[in-house]
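In: No sequence on hand, only this structure:
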Ligand SMILES: C[S@@+](CC[C@H](N)C(=O)[O-])C[C@H]1O[C@@H](n2cnc3c(N)ncnc32)[C@H](O)[C@@H]1O
């Protein structure tokens, strides 16, 4: 064991209600919005509306899921929980869902919580994300050392994994790479491990910028991290793993950073959002779906 994650002072729970067919989408969105964990309970538990989730012997199995579920999402910061609630309320899939409230979590054993939740994650058979309290698996050749901190991006989310897989399949040897919405800096660090020459990582959240700087240092990947205005000029590769709505707004800006012959790689997009993204980017680039995992897609374009 070489290091421990810093204690978090303001662990906060965001509690939501959702009809059963919305639970998966909502849970994925909460994870994309930096939730450290999401648990799902029967909202009608111990009331007359409570239903068994599994069928009684000899009886037909009930539909999967509960009629109305309570989702409890854990955030490292109270502001993140409030921001997530505000963002979710704007999404079309939030119809029929409800924010019950935001509540502080009593002091937790943060180290135990995080260490039990995060194990090494494989991106390819030889490319691994490994928390500092784990030994890397013997087959790992490219290793990102990353502890869960205050910023999104521990390699467990499908959107992050797809971006990292793209980097491994298209090594940016000697290239200039922009990680827009860097979170923990995981994509920027991945680009560095696969040979990028110059890396700029930006985020609107100053805590993410700080986290990126620390993680990059820890992984000995030189990069420039800053707020979005730090992204200037043209890049061979522009990576952005943000949700669909901000990605649509950012279309002219992100396309403007891709040099002729360069690549744009977008994630944070649900399968059903592919067409709206294609339309939003059509004036500049032709986006195509090039990977998919758990209902999320990766969209890429060449300039
Ligand atoms: C889903 S996380 C992705 C983190 C990391 N790049 C990864 O792939 O795991 C999205 C990040 O984008 C940042 N973000 C959201 N909107 C943004 C915007 N308009 N400009 C820059 N960053 C933004 C958030 O603060 C968050 O850190």
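Out: Sure thing, it's come through. Everything numeric here is computed off the predicted structure, so don't read it as measured data. Numbering: from 1, shown residues only.
In: how many other residues sit next to the residue in the stretch 1-150 of the chain that the ligand sits nearest to?
Out: Closest residue of the stretch 1-150 of the chain to the ligand, Cβ to the nearest ligand atom: residue 32 (4.9 Å). C-betas here are computed from N, CA, C, even on glycine. Taking other Cβ atoms under 10 Å as the criterion, the count of residues near residue 32 is 24.
In: Kindly report the same for residue 286.
Out: A count of nearby residues for residue 286, using other Cβ under 10 Å, gives 11.
In: Get me the contact residues on the protein for the ligand.
Out: Applying the criterion Cβ under 6 Å from any ligand atom, the portion of the chain that neighbours the ligand consists of 32, 151-153, 160, 163, 179-183, 186-187, 203-205, 208, 228, 241-242, 246, 268.
In: what sits against the residue lying closest to residue 83 once chain neighbours are set aside?
Out: Here the nearest residue to residue 83 in space, its sequence neighbours aside, is residue 33; by Cβ to Cβ, 6 or more residues apart in numbering that works out to 7.4 Å. Taking Cβ atoms under 8 Å, 6 or more residues apart in numbering as the contact definition, residue 33 lies against 80, 83, 84, 87, 88, 152, 243.
In: and residue 33, what are its phi and psi?
Out: For residue 33, the backbone dihedrals are phi -100, psi 30 (criterion: degrees, to the nearest 10).
In: same check, this time on residue 239
Out: Per degrees, to the nearest 10, the residue geometry at residue 239, taken as phi and psi, is phi -110, psi 130.
In: Just the pLDDT for it.
Out: The per-residue pLDDT reported for residue 239 equals 98.
In: next one: the one 4 residues further on
Out: Residue 243 carries a pLDDT value of 89.
In: go on, residue 230?
Out: pLDDT, residue 230: 97.
In: From residue 182, how far off is the nearest residue to it once chain neighbours are set aside?
Out: Among residues not flanking residue 230 along the chain, residue 202 sits closest, at 5.2 Å (Cβ to Cβ, 6+ apart). Between residue 202 and residue 182 the distance is 6 Å, computed by Cβ to Cβ, to the nearest Å.
In: what residues do the two have in common as contacts?
Out: Counting by Cβ under 8 Å, 6+ apart, the shared contacts of residue 202 and residue 182 are 209, 225.
In: Quick check: the residue nearest to residue 230 touching residue 235?
Out: No: distance between residue 202 and residue 235: 11.4 Å, which falls outside the contact criterion (Cβ atoms under 8 Å).
In: hmm, who's touching the helix or strand hosting residue 179?
Out: Following DSSP states H and E, one finds residue 179 within strand 176-180. Contacts to strand 176-180, defined as Cβ under 8 Å, 6+ apart, come from residues 185, 187-188, 191, 196-202, 212, 228, 231, 233-240, 242, 250, 254, 257, 259.
In: how close does the residue nearest in space to the middle of the chain get to residue 26?
Out: Taking Cα atoms, centre = their mean as the criterion, residue 32 is the residue nearest the geometric centre of the chain, at 4.2 Å. Noted for residue 32: a distance of 11 Å to residue 26, by Cβ to Cβ.
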